[in-house]
Each structure stands twice: as structure tokens, then as C-alpha cells.
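A.B. asks: Below: sequence and its predicted model.
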Amino acid sequence: MSAPAGRLGILGGTFDPVHLGHLALAEEVRETLGLARVLFVPAGDPWQKAGAGVTPGAVRYALVERAIADNPWFAASRLEVDRPGPTYTSETLTAIADAERAAGHEPDLWFILSAEALAGLPTWRDPERVLALARLAVVPRVDDAEDLAAAAARFGADFPGRGDRAVFLPGPRLAVSGTLIRARVAAGRSIRYLVPPAVAAAIREYALYSPPAEPAVRTP
Ligand code: ATP
């Protein structure tokens, strides 16, 4: 008989780079739902050529590790960055549930996602399996078109009788995104107070997001 280890939150994403929006989101859900841990799962490298602009998974993972180092409730998972090819959420959740059981815990998984991402759930591979493996903690982004009541109503329509598998939380709604951070670094602007200091330092160290240096103008 396995013992419960408490609720485990799972936050997947590209994390290119991880920023204060992610950290505030994870902390808010942890506190509100009484999660024992939150696992950050950076996505693997895109296998389609179209996604070739994404920072390598090993680097995105290293930034996540630095970002969460001072929070004892947060951990990072290599599950997706170490896998070649696309990874489906149902597979990731299965692997996490298996790992929990192997560690002697009864899995109690909470998958954290935005209201916008929830709208796409019916198109995911095996959404019923996702709902069977984890409950959903749905948090709006600052720019989400739908309010929480509308998102909850749509979830009820998309998955009749599964209303107990999702909770809808107001969330911190910080207007920060990976796109914003990359654009600011590329423009030579400050990202202080938008990412943890350790992440800003790592972005400098790995020389991420900067446009390639202009070739020196040669004068005759
Ligand atoms: P990009 O701009 O590159 O798409 P992102 O930060 O929006 O980056 P991800 O790194 O993939 O996207 O985000 C991971 C998860 O965190 C997603 O569920 C996303 O909706 C959520 N998230 C990201 N930023 C915020 C934020 N500021 N507030 C709430 N949720 C967020």
C-alpha cells in the first residue's frame, strides 16, 4: 500500500526563458491548492524545422534549475528534454505517475495550464487520459480572451461529467512572457525584475537572445 506524498503540481512549457510569470504562477497555485511540490517540465527540442529557433533544451533546463534553486517546493524534470521527438502530455503524466508509484507514493497530480491552453485540450492526444491522470489547475494569463467563468463553461461543454477534474483559479496575471524577455534582450534592454537575477546572469553567460554581432565595417 503506497502512502500519499501530497499533491504534485506539474508546470510544462517551453521556458525560453523561465521568468517571473512562471514562478509567480507556480507559487500561487502551490499555495492555493496546498501542493506539496511543483515540478517544472521544460519541453524537448522541437523536431520540426519550423521550431528551430528555440534554445536547446539542456540550456532551458539549466535556466529553470537556477530560477527555482531557492524554493524548496519547486523541482525541475528532465523527462521531456531528454526525449527525442515530440512528447505528449499524457505520456509525461504517465511517466510522472509511474515515478511517484515507484517512490512509494500514490500519485495526486495537478497539471497547471492557462485558460487558453485548456481551450485546445480537445485537440490534444488522448485528452481523457490526461484528465484521468491529473486534475487541472486552470489559471488565466493576463491576455487570455476568456474569463474564468467562460473557460469553466466551455470545459463543461467539451468534457461533460468531468467538471470535477478542473479547478479555475484567478492567478497572479503578471504581464511577462518568454517572447517579451527575448525581445528585450535582443533590443539591449533591461530584464531586471522580470526574471530572477540568476536567470539574467545565465542569459548573459550563455549569450542568449542577442542578435549576432554586426560584422565590423571595413574601411579601405
Ligand atoms: P512564449 O512567449 O515564448 O510563448 P511563455 O512564457 O508565454 O513563452 P511557456 O514558457 O511555454 O510560454 O509557458 C509555460 C506555461 O506557463 C504555459 O502554461 C503558459 O500559459 C504559462 N505562463 C507563461 N507566462 C505566464 C504568465 N505571465 N502568467 C500566467 N501564466 C503564464
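C.D. replies: That came in fine, so what should we check first?
A.B. asks: Quick check: V138 is in a strand.
C.D. replies: Yes: looking at V138 with DSSP: H, G, I helix; E, B strand; the rest coil, it is inside a strand.
A.B. asks: Could you report the pLDDT at it?
C.D. replies: Looking at V138, its pLDDT stands at 96.
A.B. asks: Likewise for the one 5 residues further on?
C.D. replies: Looking at D143, its pLDDT reads 74.
A.B. asks: Name all residues that make contact with it.
C.D. replies: Counting by CB atoms under 8 Å, 6 or more residues apart in numbering, D143 makes contact with A175. (C-beta placed from N, C-alpha, C; glycine too.)
A.B. asks: ok, 10 Å please
C.D. replies: For D143, the contacting residues are 114, 116, 173, 175, 177, by CB atoms under 10 Å, 6 or more residues apart in numbering.
A.B. asks: mean confidence for stretch 167-178?
C.D. replies: 92.
A.B. asks: What residues of it count as buried?
C.D. replies: Using 16 or more other CB atoms under 10 Å as the test for burial, stretch 167-178 gives 167-169, 171-172, 174, 176-178.
A.B. asks: The residues you listed: which ones sit near the ligand?
C.D. replies: 171, 174, 176-178 (CB under 6 Å from any ligand atom).
A.B. asks: rewinding a little: of all pairs in the buried residues of stretch 167-178, which one is the farthest apart?
C.D. replies: By the measure CB to CB, V167 and G178 form the most distant pair in these, at 25.3 Å.
A.B. asks: Report the distance from stretch 101-118 to the chain centre.
C.D. replies: Relative to its chain's centre, stretch 101-118 lies at 12 Å (CA atoms, centre = their mean, to the nearest Å).
A.B. asks: Any chance you could give me it in PDB, C-alpha atoms only?
C.D. replies: Taking Å, rounded to 0.1, in the frame of the first residue of the first chain, the C-alpha atoms of stretch 101-118 are listed here in PDB:
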ATOM      1  CA  ARG A 101       4.400   4.900  -7.500                       C
ATOM      2  CA  ALA A 102       8.000   3.600  -7.800                       C
ATOM      3  CA  ALA A 103       8.900   6.000  -5.000                       C
ATOM      4  CA  GLY A 104       6.100   4.500  -2.900                       C
ATOM      5  CA  HIS A 105       3.600   7.400  -3.300                       C
ATOM      6  CA  GLU A 106       0.000   7.300  -4.500                       C
ATOM      7  CA  PRO A 107       0.100   9.900  -7.400                       C
ATOM      8  CA  ASP A 108      -2.100  13.000  -6.800                       C
ATOM      9  CA  LEU A 109      -1.200  15.000  -9.900                       C
ATOM     10  CA  TRP A 110      -2.300  18.600 -10.800                       C
ATOM     11  CA  PHE A 111      -1.500  19.800 -14.200                       C
ATOM     12  CA  ILE A 112      -1.200  23.600 -14.300                       C
ATOM     13  CA  LEU A 113      -2.200  25.300 -17.600                       C
ATOM     14  CA  SER A 114      -3.600  28.600 -18.900                       C
ATOM     15  CA  ALA A 115      -7.300  29.000 -19.900                       C
ATOM     16  CA  GLU A 116      -6.100  29.500 -23.500                       C
ATOM     17  CA  ALA A 117      -4.200  26.100 -23.400                       C
ATOM     18  CA  LEU A 118      -7.300  24.500 -21.900                       C
END
